[in-house]
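Enquirer: Sharing a sequence plus its predicted fold:
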Amino acid sequence: MTTSVKENLLDWLRDAHAMEKQAEKMLQAQAARLEHYPELRTRIEQHLQETLGQQNVLQECIARQGGDTSAMKDFGGQMMAMMQGMGGMTASDEVVKGSMASYAFEHAEVAMYTVLIAAAEAADDLATKRACEGILAQEKAMAQWILEHMPATVDAYLRRAQTDQAAAKR
């Protein structure tokens, strides 16, 4: 049994959609819990809006391929995000661990869109390629922002933790 380029592309688009559903839940949970890091919260809320737009773009790409999103994959992504959120709530250094997890997740998304761009090109689907290039730029920008602001987040956490651990954590 063989799998065509277009079948792979469609499957990977569904994976990306599920990943963005996971990102949506993770970002919502992070933003809701951040009380003492307003700049980080604002950027997370901005990326949440980008993520919602990315979901729509991916749905359009999937529809162009003649497919539909995978409810099972989307559900799996959302469940993973819920478990990550619950795990983060118990960490005494939640904001630091959340920043690290977000940075790693952004790079998983960068890898996903790099794969999709190559697959779309191989499938001669220039609309999907362009759409994924736009999303890739957003994911790279978010990863870079997190990296650039991580030292300040850690510094703020360490300062707060000396006087109020509960405030420092989020």
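Expert: Perfect, thanks for sending it. Numbers count the residues shown, from 1 in each chain.

Enquirer: Mind listing what's buried along the strand or helix carrying residue 12?
Expert: Counting by DSSP states H and E, the element that carries residue 12 is helix 5-33. By neighbour count with 16 or more other C-beta atoms under 10 Å, helix 5-33 contains the buried residues 6, 9-31, 33. The way it works is simple: take the backbone N, C-alpha and C, and place the C-beta from them, glycine included.

Enquirer: List the contacts of stretch 137-145.
Expert: 43, 47, 50, 54, 102, 103, 106, 107, 109, 110, 113 (C-beta atoms under 8 Å, 6 or more residues apart in numbering).

Enquirer: which regions of this structure sit below the pLDDT cut-off?
Expert: 1, 70-91, 166-170 (pLDDT under 70).

Enquirer: would CSV of the contacts of stretch 137-145 with neighbour count, distance to residue 142 and secondary structure be doable?
Expert: Listed next are the contacts of stretch 137-145 as CSV, based on neighbours: other C-beta atoms under 10 Å; distance: C-beta to C-beta, whole Å; DSSP: H, G, I helix; E, B strand; the rest coil:
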residue, neighbour count, distance to residue 142, secondary structure
43, 17, 8, helix
47, 23, 5, helix
50, 17, 8, helix
54, 25, 11, helix
102, 23, 8, helix
103, 16, 9, helix
106, 22, 5, helix
107, 15, 10, helix
109, 23, 8, helix
110, 16, 9, helix
113, 24, 12, helix
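
Enquirer: which pair in those residues spans the largest distance?
Expert: The span of these, defined through C-beta to C-beta, is set by 43 and 113 at 19.5 Å.

Enquirer: ranges for the helices of this protein?
Expert: Using DSSP state H, the helices of the chain run over 5-33, 38-64, 71-89, 94-122, 126-161, 165-169.

Enquirer: Please consider this matter closed, and thank you.
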